[in-house]
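Q: Please find the sequence and the predicted model below.
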Amino acid sequence: MKKAITIGLIFVSILLSGCNTNKLSSAVFTNTTPAVIKIDNLTYLMSDDALATNEVEEQIGKITRIQAVVSYSEDQNPYKSPSKIFEIKDINIDEAIAIKVNDKLFKAFIE
């Protein structure tokens with residue numbers, strides 16, 4: 001009985017600890033025009049191409065740092081809240097990604 005409990009606890013701890021293979025990558029967002037996104041040693045330039053939510057797949061990253069190179073007034077800032085990065089359906093991440101900025105999705109192309 002003691003052995004079964006030990007094996008059960010080991011199994012549960014493995015499930016709770018190491019099974020998350022969906023780790024999000026950290027990205028840096030630079031607020032130039034066009035905005036520059038650096039994620040996983042790749043650099044992307046944000047475009048004005050808007051995407052619908054059904055055009056993106058799983059989230060692959062998140063903005064963890066914003067480099068404010070350009071000073072915008074609060075009401076003129078086109079990049080108020082960059083947040084999540086997604087894969088685009090049927091497009092390799094070596095070509096383009098989607099980035100959520102101001103609650104809209106935009107395509108960003110590899111530089």
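A: Arrived safely, thanks for sending.

Q: hey, where'd the helices end up in this protein?
A: 2-17 (DSSP state H).

Q: wait, residue 105 sits on residue 89?
A: No - look at residue 105 against residue 89 with CB atoms under 8 Å: they stay out of range, at 11.8 Å. Every C-beta, even on glycine, is put in place using the N, C-alpha and C of the backbone.

Q: Overlap in contacts, these two.
A: 55, 56 (CB atoms under 8 Å, 6 or more residues apart in numbering).

Q: who's more crowded, those two?
A: The neighbour count for residue 105 versus residue 89, taken as other CB atoms under 10 Å, is higher for residue 105 (18 against 11).

Q: which non-adjacent residue is nearest the more buried one?
A: residue 51 (4.2 Å; CB to CB, 6 or more residues apart in numbering).

Q: swap in residue 111?
A: residue 43 (4.3 Å).

Q: follow-up on the earlier one: ok, now which ones touch the residue nearest to residue 105?
A: So residue 51 contacts 88, 98, 105, 106, 107 (CB under 8 Å, 6+ apart).
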